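coords please:
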Amino acid sequence: MKQTFLDLRNNLIEFLRTFGAFQLFFLRLLRYSPEILTTRLGLVVKQVHNAGAQSLVIIMVCGLFVGAVLALQAYSNMSKFNAEDWTGVAAAFALVKELGPVMTALLFAGRAGTALTSEIGLMKATDQLSAMEMMAVNPVRRVLVPRFLGGVIAMPFLAAIFSAVGLYGAHLIGVEVFQVDVGSFWQQIQLTVEISDVNEGIIKSIVFGVAASLIAVWEGYNTVPTAEGVGHATTRTVVITAITVLVFDFMITAAMI
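You can find the predicted model right below:
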């Protein structure tokens, strides 16, 4: 019993120590962010391309089929109440407020987040970060901050593209397959989906972008400098990001109801 209590205490202390170090790491990134945005914008643009543009294919393909599935489910349920025209509204609400930001964040973690973690982890394993420090180059400012900002900037755009392509997928199923009137389909969306709903999706995408990018660069920077350590860090990036995104999604949704 005493040993169990000691183990719990040690685990709690270690968790608090790690959480405190994580917060200080986040503050360091924020400290250098304005400087990087003004003096090294080219690095940020390159990372936006790496994190965002190279993720477009998977985002668009998944968005198309998610929208199509939503339309199938919505039509099958709305038809029971002779409300087929509301198929687009159901799909739009699900995409704009929930599935767009959440699915984009999960896909971002699986594609761009793992790439960031493995890239930074390999730089640490091959002593590139240590070499920068020996040359009086701050690796946090030169390597981590541009990658962090690139992910934060790319996420809202990716979420918007996911939702837009998803609505197109819903249109294909609802209008082209089930012959829902195209005017009613889009008019109901315009009359029902409000700016506050869009703003909720934007806020979620920004928060998820910060969380996913921060976790990715943290895991890469603090990985054990071995091949096995980089693999474990990459796995942790996906798992921790997924849990964090779902927790934040609940908190933001509850706060904005």
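
alpha carbons only for contacts and neighbour counts from here, please
OK.

how many neighbours does the nearest residue to Leu106 once chain neighbours are set aside have?
The shortest distance from Leu106 to any non-neighbouring residue, by C-alpha to C-alpha, 6 or more residues apart in numbering, is to Ala242 (6.0 Å). By the criterion of other C-alpha atoms under 10 Å, Ala242 has 21 neighbours.

mind checking how far Ala242 is from Leu70?
Counting by C-alpha to C-alpha, to the nearest Å, the gap from Ala242 to Leu70 is 22 Å.

Likewise for Leu29?
As judged by C-alpha to C-alpha, Leu29 and Leu70 stand 38 Å apart.

Likewise for Ala131?
Separation of Ala131 from Leu70 (C-alpha to C-alpha): 51 Å.

Can you pick out the residue with more neighbours from these two?
Higher neighbour count among Ala131 and Leu70: Leu70, with 24 against 14, using other C-alpha under 10 Å.

On the three-state scheme, the more buried one is what?
The local conformation at Leu70, judged by DSSP: H, G, I helix; E, B strand; the rest coil, is helix.

That one touches Ala170, doesn't it?
Yes - counting by C-alpha atoms under 8 Å, Leu70 does reach Ala170; the two are 6.8 Å apart.

Can you pull the residues that touch both of those two?
Residues touching both Leu70 and Ala170 (C-alpha atoms under 8 Å, 6 or more residues apart in numbering): Ala91.

give the contact list for the residue nearest the centre of the chain.
When C-alpha atoms, centre = their mean is applied to the chain, the residue found nearest the centroid is Ala105 (2.4 Å). Applying C-alpha under 8 Å, 6+ apart, we find Ala105 in contact with 155, 159, 205, 208-209, 212, 242, 245.

ditto for Tyr221
Tyr221 makes contact with 117, 120-121, 124, according to C-alpha under 8 Å, 6+ apart.

Check the gap between it and Phe19 for me.
According to C-alpha to C-alpha, Tyr221 and Phe19 sit 15 Å apart.

Over to Gln187?
48 Å.

can you give me the strands in the stretch 1-150 of the chain?
Secondary structure of the stretch 1-150 of the chain (DSSP state E, counting those that start in this stretch): no strands present.
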